[in-house]
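Student: following is a predicted model, sequence given first.
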Amino acid sequence: MKILLFGKSGQVGWELQRALAPLGELVALDADSTDWHANFANPEALASTVRAVAPQWIVNAAAHTAVDKAEGEPELARAINATAPGVLAREAAALGATLLHYSTDYVFDGSGSAPWVEEAATGPLSVYGATKLEGEEEIRRSGCQHLILRTSWVYAARGGNFAKTMLKLAAERDALKVIDDQIGAPTGADLLADISAHALRQLARQPELSGTYHAVAGGQTSWHGYARHVIEHARAAGRPVRVAPGAIEAVPTSAFPTPAQRPRNSRLDTRKLQHSFGLRLPAWQTGVDRLLAEIL
């Protein structure tokens, strides 16, 4: 089994190198790779790389994820999030390969309070969400065997993340303001990587499972709830925390204007994924506590 991974240096890509390595020969690339062209702004070179490597599985963890920046560079965001995945999908179809691609809750409009099911009507609010939806559509049109995993609120111990930011601010400030009207499930890159490896193995035995799935940790919280959990965990662990428990103020999204509109409801229904692949997704606190054990 030969596996071609794009986006190896990102949060999910880094964890995928670990999770996919036992499953076959892994060729892991990013935009700076020199042996093979993996620049998503160059579709012809990207197609040539896929043909030369001739993998059985293609895993795309590359994306333009700078949500606010995408508002000012929509063509670049479209090239990376839509055109390039379409190229990968068509090459996968020609090779008879399977494509695993990651998408986002930003394809929905964030209305209501019910978790989004895979078949729900989409309605992206931003360039990022719109281009990620275009990427999904390109993959489906190609006819290749595929898994599209929609996820949200992804974090990893490697690099920057929300928890590290909150810990830093909590050690420096007497009071904090954190958004409480956006709801989702913090989801570890390690969990996504493990889900991916399991799902690919299962899909190899059951090709009828090809399709779109939602993949996030269990439960739900707001950014405010997430921040409180992180800070109180640090306080209990004896880490320096200046902000008092009652000084973490819950505020609306409007308190922090951004170029790109964020969905308020980022809840994703994962019953289809759990039923199809025989999985049980842990509560979001489980992964966050593991993260904190690593970084504190």
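Tutor: Happy to help now that I have it.
Student: please report phi then psi for residue 62.
Tutor: Backbone geometry at residue 62, expressed as degrees, to the nearest 10, gives phi -90, psi 140.
Student: at which residues are the helices of the stretch 151-296 of the chain located?
Tutor: Per DSSP state H, counting those that start in this stretch, the stretch 151-296 of the chain carries helices over the ranges 162-172, 189-205, 223-236, 271-277, 284-295.
Student: nearest to residue 114, of these?
Tutor: Judged by C-beta to C-beta, the one of the helices of the stretch 151-296 of the chain that comes nearest to residue 114 is helix 271-277, at 12.5 Å. (C-beta placed from N, C-alpha, C; glycine too.)
Student: residues in contact with that closest one?
Tutor: Applying C-beta atoms under 8 Å, 6 or more residues apart in numbering, the set of residues contacting helix 271-277 from outside is 117-118, 149, 195, 198-199, 202, 209, 213-215, 279-281.
Student: what's the answer for stretch 14-29, then?
Tutor: Contacts of stretch 14-29 from elsewhere in the structure, counted by C-beta under 8 Å, 6+ apart, are 1-6, 8, 13, 35-36, 38, 49, 53, 55-57, 59, 61, 156, 158, 189-190, 192-194, 196-197, 200-201.
Student: apply 6 Å and report the result again.
Tutor: 1-6, 8, 36, 38, 53, 61, 158, 189-190, 193-194, 197 (C-beta atoms under 6 Å, 6 or more residues apart in numbering).
Student: what's stretch 129-144 in contact with?
Tutor: Residues external to stretch 129-144 that are found in contact with it (C-beta under 6 Å, 6+ apart): 77-78, 81-82, 85-86, 89-90, 92-93, 99, 101, 103-104, 106-107, 122, 124, 146, 148.
Student: which of those residues fall in helices?
Tutor: For the contacts of stretch 129-144, the ones inside helices are 77, 78, 85, 86, 89, 90, 92, 93, with DSSP state H as the criterion.
Student: nearest to residue 184 among the residues you listed?
Tutor: Sorting these by distance to residue 184 puts residue 77 at the head of the list, at 21.4 Å, by C-beta to C-beta.
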